[in-house]
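*Asks:* Sequence first, predicted model second:
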Amino acid sequence: MDFPIDAHLVVPHTARMSLLDTVVRADENSLAANARVREDSPFARDGVVGSWVGIEYMAQAIAAFEGCRARDRGDAPKVGFLIGSRHYACSASGFAVGSTLHIEIVRQYEEGGLGLFDGKITGDHVTADASLSVYQPDNAQQFLLENGA
């Protein structure tokens, strides 16, 4: 796969919930992406997206990582779920609208659809890092039906 690529090609999010713009690099264990903090973001208030949304930027980078792997196999991106974060720290209270964020994720563990990733965001005078747990079932709709969601 040649980079950079449009994140919409590998992330199953749509419309305003699609936060990433470009995947700039991906390999067997990591991915780097860029995102411009947009004014029309559903999370933007008074020119700022709260720092807590950094978890979602990282989660979408993990989705892009899995989407790149699916694309290499000739498959479409699949839905996955953010289970949680063991740690999240951000150097600011938010991300300024109009700023560009660089998001990197590194896979630490993956087995049976469960994964653990370290994530990092750098941007205009802000940094954030986290460890995220994710789950990607073989069939998301069936998983949701079977688990009462």
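*Replies:* Received, thanks.
*Asks:* tell me the helices in the protein, going along the chain?
*Replies:* Along the chain, the segments classed as helices by DSSP state H run 54-73, 140-146.
*Asks:* So the residue nearest the centre of the chain versus residue 17, what's the distance?
*Replies:* With the centre of the chain defined as its mean C-alpha position, the nearest residue by C-alpha atoms, centre = their mean is residue 60, 1.7 Å away. Note on residue 60: its distance to residue 17, by C-beta to C-beta, to the nearest Å, is 9 Å. (Glycine included, C-beta is placed from N, CA and C.)
*Asks:* and if you look at residue 129?
*Replies:* Computed as C-beta to C-beta, the residue 129 to residue 17 distance reads 23 Å.
*Asks:* Name the residues of stretch 76-87 that come out as buried.
*Replies:* 77-78, 80-82, 85 (16 or more other C-beta atoms under 10 Å).
*Asks:* Equivalent analysis for stretch 101-115, please.
*Replies:* Buried residues in stretch 101-115, counting neighbours by 16+ other C-beta under 10 Å, are found at 101, 103-105, 107, 115.
*Asks:* Extract the CA atoms of it and return them as PDB.
*Replies:* Provided in PDB are the C-alpha atoms of stretch 101-115 (Å, rounded to 0.1, in the frame of the first residue of the first chain):
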ATOM      1  CA  LEU A 101      -2.700  16.400  15.300                       C
ATOM      2  CA  HIS A 102      -0.300  13.600  14.600                       C
ATOM      3  CA  ILE A 103      -1.500  10.300  16.000                       C
ATOM      4  CA  GLU A 104       0.700   7.200  16.400                       C
ATOM      5  CA  ILE A 105      -0.400   3.800  17.700                       C
ATOM      6  CA  VAL A 106       1.800   0.700  18.400                       C
ATOM      7  CA  ARG A 107       0.300  -2.800  18.900                       C
ATOM      8  CA  GLN A 108       1.500  -4.400  22.100                       C
ATOM      9  CA  TYR A 109      -0.700  -7.500  22.100                       C
ATOM     10  CA  GLU A 110      -3.400  -9.100  19.900                       C
ATOM     11  CA  GLU A 111      -5.200 -12.400  20.200                       C
ATOM     12  CA  GLY A 112      -8.700 -13.700  19.400                       C
ATOM     13  CA  GLY A 113     -10.000 -10.200  18.500                       C
ATOM     14  CA  LEU A 114      -8.600  -8.600  21.600                       C
ATOM     15  CA  GLY A 115      -5.900  -6.000  21.300                       C
END
